[in-house]
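A.B. asks: Got a sequence here, can you build the structure:
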Amino acid sequence: MTTAEDFPAIWADLVTRWVAADAESAEFPEITPRSKSLLQQLSPVVLVNGIAVLTAPAKWVRTETEKKISGDISEVLTREVGIPVTLSLSVKETTPDSPLEMPAEDTDAPPSTEEPEVERASVFGDLPPVPPGPVHTPDLWENISDAGFPASAGTDASQVSAAPAERPALEEASVPVATIVPTPTPATAHADDENRLNPKYTFETFVTGPSNQFPATACRVVAENPGKAYNPLFIYGQPGLGKTHLLHAIGHYAQELRPKIRVRYVSSEEMTNEFINAIQGGPLALDQFKRNYRNLDLLIVDDIQFLQGKESTQEEFFHTFNALYQANHQIVLSSDRPPSQLTTLEDRLRTRFEGGLTTDVKTPDLETRMAILAKKSLLNGAVVPPDVLEFIASRNESSIRELEGALTRVVAYCSMTGEPITISAAEVVVKDILPQDVKITAEMVIEVISEHFSVSLDQLTGPSKVRKIVTARQFGMFLTREYCEMSTTNIGKVYGGRDHTTVMHAEKKMRKSIQENTVIFEQFQELTQKIKSRARQR
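C.D. replies: Modelled structure (predicted):
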């Protein structure tokens, strides 16, 4: 049976024979000289679970390949390896000093009358080809970047309405579990205080698998056609499965396609607080609040379930919803349950939420969890063997954040000790992975941090800039983010009403310190064990 290691050789041989084949060859489908040129520019990355990942040197090469010969390539690979093969193309841009020349147009092809296509983010982002020779280099993590990583999920097709005709085809599952080499994190989005989008959460960093194809595709459609397809879009599912990632990705992609579009991401709690402040500020402040929300082209509200019981905010949101909907402006909502189960929400809001597309995000299967971990490795420039990815992914079925934290710890441990990344090393590090039925709260984290660093709650949440207290506070914010399903905004509130950017800074700094500083890493291990022990006792 073909293995991932065989794929580069199989691909090279296939391309050589296909390019040399003449029009009368029965071995390969007939393709034009232009298509043969495209074929020669593709590089093999990995073949796993029937997914063949190839990289193109430029976006136009990928676009042309997808249009002209992707079906032929899948057909030939299926015959060559003996199992059904689906093609996944990503882009590996060339350097400026070695530009690519487009192959000559086919002489028998009519002039193109098609509109330029909108470039879509690949499921994989930009995967590099696998280089020859040994690639395990634990010290790669010395220069690790604080990239964002997805939590993937699924959908129940029986609970969604029919898609419009223009809906793009579902992307195939992608499981990049082969050895990975470092590549720059895509920089397609920027943090903005106005739209509040997290730059780490884009479609390029989201892993699409069999269990979450529909929600991911629906989100792309909404970003491409705001106000026209699936309005409102309502996404629900348990915490930690990727809903927030998809919401931010919609905003980023919509802005990428329409730079002047007015987008805002907000949690229902943040919107409630803004509304309360506006009321307290008087008529002018309230009018400004209404304008801020009703003049948007795309409003994204996370955790809408927290509007339950807040009658005045519900009333205001009802009018905002109507104003946006009647103007054909897009509304995207998320919740931990479907609209029908938001029993304390006003009926008129519930019925409006149900008037668009409702899709759920479910627990990802093992292959998708492996793909998520592989994507994290890719973005962080780590080389993690497939068997280690599978070992970590199998330890927990529901908490993606827990799995990502385990991967970070395994790689940091191996980097510091000089050990290769193996299952044995992973077993040592993740032996205390938390059982699924144990919940960690922010209060537990704060208690442990306070005891460990001998600082009071007032000091932890206060303004003190004493080094010991700052370190304790940053540890607390990081561990709360790591193990509690809380937004950076809500974590900031817990730690003395700090801004969400302060929490993001603490998270980034602590991640880097854990990977580079042995003392900090050991503290992280000790604190994690104490927090989990505290959780199990309650």
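A.B. asks: Are we agreed that residue 514 is in a helix?
C.D. replies: Yes. Applying DSSP: H, G, I helix; E, B strand; the rest coil, one finds residue 514 inside a helix.
A.B. asks: How much space separates it from residue 528?
C.D. replies: 10 Å (C-beta to C-beta, to the nearest Å). Quick note: C-beta positions are derived from backbone N, CA and C, even for glycine.
A.B. asks: next one: residue 227
C.D. replies: For residue 227, the distance to residue 528 - C-beta to C-beta - is 45 Å.
A.B. asks: what about the two, which has more around it?
C.D. replies: More crowded of residue 227 and residue 528, by other C-beta atoms under 10 Å: residue 528, with 19 against 16.
A.B. asks: Mind giving me the packing neighbours of the helix or strand harbouring the more buried one?
C.D. replies: Using DSSP states H and E, residue 528 maps to helix 518-536. Counting contacts by 3 or more C-beta pairs under 8 Å, 6 or more residues apart in numbering; DSSP states H and E, helix 518-536 packs against helix 400-417, helix 442-453, helix 467-483, helix 500-516.
A.B. asks: Would you mind finding the most buried of those?
C.D. replies: Burial of those is given as mean neighbour count (mean count of other C-beta atoms under 10 Å); helix 400-417 ranks first at a mean of 22.
A.B. asks: If you count neighbours, what's buried in the following helix or strand past it?
C.D. replies: The helix or strand immediately downstream of helix 400-417 is helix 423-429, counting by DSSP H and E. Residues of helix 423-429 classed as buried: 425, 426, 429 (neighbour count, 16 or more other C-beta atoms under 10 Å).
A.B. asks: Can I get helix 423-429 in PDB, CA atoms only?
C.D. replies: Only the C-alpha atoms of helix 423-429 are listed here, as PDB (Å, rounded to 0.1, in the frame of the first residue of the first chain):
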ATOM      1  CA  ILE A 423       5.100   9.100  21.700                       C
ATOM      2  CA  SER A 424       7.200   8.200  24.800                       C
ATOM      3  CA  ALA A 425       8.100  11.900  25.300                       C
ATOM      4  CA  ALA A 426       4.400  12.900  24.700                       C
ATOM      5  CA  GLU A 427       3.200  10.300  27.300                       C
ATOM      6  CA  VAL A 428       5.500  11.900  29.900                       C
ATOM      7  CA  VAL A 429       4.200  15.400  29.300                       C
END
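A.B. asks: Show me what it is packed up against.
C.D. replies: Looks like helix 423-429 contacts helix 386-393, helix 400-417 (3+ C-beta pairs under 8 Å, 6+ apart).
A.B. asks: before we move on, the earlier item: ok, and what's touching the helix holding residue 528?
C.D. replies: 409, 412-413, 416, 432, 434-435, 438-441, 444-445, 447-449, 452, 475, 479, 483, 510, 513-515 (C-beta atoms under 8 Å, 6 or more residues apart in numbering).
A.B. asks: what do you get for stretch 503-513?
C.D. replies: 144, 146, 198, 408, 473-475, 477-478, 481, 488-489, 491-492, 495, 520, 524.
A.B. asks: pLDDT of stretch 277-291, averaged?
C.D. replies: Averaging pLDDT along stretch 277-291 gives 92.
A.B. asks: Alpha carbons of that stretch, in CSV - could you do that?
C.D. replies: C-alpha atoms of stretch 277-291 as CSV (Å, rounded to 0.1, in the frame of the first residue of the first chain):
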residue,chain,number,x,y,z
ASN,A,277,-23.2,52.9,29.0
ALA,A,278,-25.1,54.6,26.2
ILE,A,279,-28.3,54.9,28.3
GLN,A,280,-26.2,56.4,31.2
GLY,A,281,-24.6,58.8,28.8
GLY,A,282,-27.9,60.4,27.8
PRO,A,283,-29.9,60.8,24.5
LEU,A,284,-26.8,61.8,22.4
ALA,A,285,-24.8,58.7,23.5
LEU,A,286,-27.8,56.5,22.9
ASP,A,287,-28.3,57.9,19.4
GLN,A,288,-24.6,57.3,18.7
PHE,A,289,-24.9,53.7,19.9
LYS,A,290,-27.8,53.1,17.5
ARG,A,291,-25.9,54.7,14.6
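A.B. asks: Alpha carbons of stretch 522-537, as CSV, please.
C.D. replies: C-alpha atoms of stretch 522-537 as CSV (Å, rounded to 0.1, in the frame of the first residue of the first chain):
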residue,chain,number,x,y,z
GLU,A,522,8.4,24.2,34.7
GLN,A,523,6.2,26.7,36.5
PHE,A,524,3.6,26.2,33.7
GLN,A,525,3.6,22.4,34.3
GLU,A,526,3.3,22.8,38.0
LEU,A,527,0.5,25.3,37.8
THR,A,528,-1.4,23.2,35.3
GLN,A,529,-1.2,20.2,37.6
LYS,A,530,-2.4,22.2,40.6
ILE,A,531,-5.3,23.7,38.6
LYS,A,532,-6.4,20.3,37.3
SER,A,533,-6.1,18.8,40.7
ARG,A,534,-8.2,21.6,42.2
ALA,A,535,-10.8,21.0,39.5
ARG,A,536,-11.0,17.3,40.2
GLN,A,537,-11.6,17.9,43.9
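A.B. asks: buried set for that stretch?
C.D. replies: Buried, per 16+ other C-beta under 10 Å, within stretch 522-537: 523, 524, 525, 527, 528, 530, 531, 532, 534, 535.
A.B. asks: Let me have those in a markdown table, extended by pLDDT and distance to residue 252.
C.D. replies: Below are these laid out as a markdown table (pLDDT from 0 to 100; distance: C-beta to C-beta, whole Å):
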| residue | pLDDT | distance to residue 252 |
| --- | --- | --- |
| 523 | 88 | 35 |
| 524 | 87 | 30 |
| 525 | 82 | 34 |
| 527 | 91 | 33 |
| 528 | 86 | 32 |
| 530 | 88 | 37 |
| 531 | 89 | 33 |
| 532 | 82 | 34 |
| 534 | 84 | 37 |
| 535 | 82 | 34 |
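A.B. asks: Looking at these, spot the one nearest residue 351.
C.D. replies: Closest approach between the buried residues of stretch 522-537 and residue 351, by C-beta to C-beta: residue 535, at 39.4 Å.
A.B. asks: Can you pull out the low-pLDDT segments for this structure?
C.D. replies: 1-5, 48-49, 90-194, 210, 432-438, 538 (pLDDT under 70).
A.B. asks: Please name the nearest non-neighbouring residue to residue 290.
C.D. replies: Leaving aside its chain neighbours, residue 290 sits nearest to residue 320 (7.3 Å; criterion: C-beta to C-beta, 6 or more residues apart in numbering).
A.B. asks: Pull the residues that contact the strand or helix carrying the one you found.
C.D. replies: Element membership for residue 320 (DSSP H and E) is helix 311-326. Residues outside helix 311-326 that contact it (C-beta under 8 Å, 6+ apart): 231-232, 268, 271-272, 275, 279, 290, 293-294, 296, 299, 307, 330-331, 345-346, 348-349, 352.
A.B. asks: tell me the domain ranges of the chain?
C.D. replies: 4-91, 157-180+188-361, 442-536 (automatic domain parsing).
A.B. asks: Save these as TSV, and put in distance to residue 373 too.
C.D. replies: Shown next, in TSV, are the domains of the chain (distance: least, C-beta to C-beta, whole Å):
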stretch	distance to residue 373
domain 4-91	14
domain 157-180+188-361	8
domain 442-536	15
